[in-house]
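*Asks:* Okay, sequence plus prediction incoming.
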Amino acid sequence: MNKTLSLISLAFMSFSTLADDQDQGIQWGIGAAIVSQDQGYTDVGNETILVPALAIQSGNFSLLGPRGSYKVWQQENIEFSVVGQLRLDGYEEADGDIFLGMEDRDMSFDFGFEGELDTEFGEFGFSFMHDVTSTHKGYEAGVSYGVPFNVGDGRIVPYVSASYLSEDLVDYYYGVLPNEQRAGRMAYVGEATMNVEVGVSSDWFFGKNHMIKADLSYTAYGSEIEDSPLIGKSGAAQLLLGYVYVF
């Protein structure tokens with residue numbers, strides 16, 4: 001079963017911070033992350049995977065795992081970027097009994113923008129991503145707030161975020177088509193909803209070449225996802241441990 005788009009990219013989001021401390025030019029690194037998550041699907045349970053990734057930083061361009069971004073505008077404490085990334089949601093029939101007789105739900109490539117405002121009160125972020133592959137044909141818009149704390153050579157950021165998922169997106173990944181219904185799995189049409197996430201993100205730097213990332217979060221599903229016959233829990237817990245070596 002594929003992960004949500006945030007999981008893998010979170011493992012390498014801080015690569016650019018480490019690269020900024022290096023000499024100017026192209027910086028690149030390799031790493032991996034252990035991701036453990038229970039997505040809340042009925043009778044599916046927790047899943048742990050090891051994810052390798054490549055990270056590249058060149059000027060305003062960053063490639064971090066399945067996520068690429070280009071910073072188009074920056075002024076003092078405000079920045080704005082265009083972003084493209086794989087949405088790694090979805091499932092196959094073999095992923096669990098709840099999916100037997102259902103069509104596969106595929107990953108998509110989403111494109112959009114994001115911005116960040118750094119203030120003395122914390123970091124504010126916003127984003128908008130739309131499917132450009134006509135897979136789920138929907139969009140996701142989000143806002144976030146985090147307060148960073150420097151601890152030695154590390155950085156800890158407690159945060160909260162809210163994401164609005166469009167009707168097409170929710171229906172594609174959590175809906176049940178009329179020809180897919182069976183006993184215990186009625187047809188279901190998903191509608192737009194709001195997810196809320198709380199968590200702690202941390203980055204730990206060792207010299208100029210090593211970074212370890214540890215994140216823990218919980219996403220509370222909106223009612224339109226929680227009411228899906230595919231979902232047996234009210235949210236998803238996530239644990240991520242990652243390492244990047246910068247050359």
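*Replies:* Structure received.
*Asks:* Need the residues that contact the helix or strand harbouring residue 141.
*Replies:* Here residue 141, judged by DSSP states H and E, is contained in strand 139-146. The contact list for strand 139-146 (Cβ atoms under 8 Å, 6 or more residues apart in numbering) reads 110, 112, 122-131, 157-166, 168-169, 201. For glycine as for every other residue, the C-beta is placed from the backbone atoms N, C-alpha and C.
*Asks:* For residue 32, list each beta-bridge partner.
*Replies:* Under the criterion DSSP bridges, residue 32 forms beta bridges with residue 52, residue 243.
*Asks:* what about the protein, any weak spots by pLDDT?
*Replies:* Along the chain, the model assigns pLDDT under 70 to residues 1-24.
*Asks:* how about the strand holding residue 141: buried residues?
*Replies:* By neighbour count on 16 or more other Cβ atoms under 10 Å, the buried set for strand 139-146 is 139, 140, 141, 142, 144, 146.
*Asks:* Can you list the buried residues in the longest helix seen in the chain?
*Replies:* The longest helix of the chain (DSSP state H) is helix 167-174. Under the neighbour-count criterion of 16+ other Cβ under 10 Å, helix 167-174 has 167, 168, 169, 170, 171, 172, 173, 174 buried.
*Asks:* Which helix or strand lies directly C-terminal to it?
*Replies:* For helix 167-174, the following helix or strand on the C-terminal side (DSSP H and E) is strand 193-206.
*Asks:* So residue 94 belongs to a strand, correct?
*Replies:* No - assessed with DSSP: H, G, I helix; E, B strand; the rest coil, residue 94 is helix; it does not lie in a strand.
*Asks:* my read: residue 118 touches residue 77, true?
*Replies:* Yes - counting by Cβ atoms under 8 Å, residue 118 touches residue 77, with 4.2 Å between them.
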